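Peer 1: Model the following, please.
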Amino acid sequence: MPPAKPRSRDVKNEIMDHLYTPRLQPALRAFLTKLRSDAFLEIRGGYVDSGAAPNKDTAWKDPAALKPETTTKEEVAARKHKKKVARRRSPVLFPGH
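Peer 2: So this is what the prediction gives:
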């Protein structure tokens, strides 16, 4: 007896995979690379960053060795300060009142 033909609904997912995988994989890789390049990642020594984005340094930096950015008084004074203006709110009218 010859083997039975598979139903179309049974092989539908396989057909979709064969049609869309070649186009989906490069787009997915580009999307994930963009996410990784925008993310803040630090990989500790001994681990490998298998999905590293190009030109992105993910090496671990000891937090104790990092220095905060500082701003001098002169830099603050040189900035233009916007004058805050209070806006007048219009009254809210409720129907029937």
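Peer 1: Could you list the residues in contact with stretch 51-58?
Peer 2: Judged by Cβ atoms under 8 Å, 6 or more residues apart in numbering, the contacts made with stretch 51-58 from elsewhere in the structure are 32-34, 36-37, 41-43, 49. C-beta: built from backbone N, CA, C; applies to glycine.
Peer 1: Among those residues, name the ones in strands.
Peer 2: Secondary structure of the contacts of stretch 51-58 is defined by DSSP state E; no position falls in strands.
Peer 1: Show the buried residues in the residues you listed.
Peer 2: Buried residues within the contacts of stretch 51-58, counting neighbours by 16 or more other Cβ atoms under 10 Å: 36, 41.
Peer 1: Using a markdown table, please lay out the contacts of stretch 51-58 together with pLDDT.
Peer 2: Written out in a markdown table, the entries for these read as follows (pLDDT from 0 to 100):
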| residue | pLDDT |
| --- | --- |
| 32 | 90 |
| 33 | 89 |
| 34 | 91 |
| 36 | 88 |
| 37 | 87 |
| 41 | 83 |
| 42 | 85 |
| 43 | 85 |
| 49 | 83 |
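Peer 1: how far away is the nearest residue to residue 33 once chain neighbours are set aside from residue 34?
Peer 2: The spatially closest residue to residue 33, leaving aside those adjacent along the chain, is residue 53, at 5.0 Å (Cβ to Cβ, 6 or more residues apart in numbering). Plainly put, residue 53 is 8 Å away from residue 34 if you go by Cβ to Cβ, to the nearest Å.
Peer 1: Can you get me a residue count around the residue nearest to residue 33?
Peer 2: 17 (other Cβ atoms under 10 Å).
Peer 1: who's in contact with stretch 26-44?
Peer 2: Where contact means Cβ under 8 Å, 6+ apart, the residues beyond stretch 26-44 that reach it are 49, 51-56, 58-61.
Peer 1: Going by distance to residue 74, which of these wins?
Peer 2: Checking these against residue 74 with Cβ to Cβ, the nearest one is residue 61 at 29.2 Å.
Peer 1: ok, the closest one - contacts?
Peer 2: By Cβ under 8 Å, 6+ apart, the residues touching residue 61 are residue 42.
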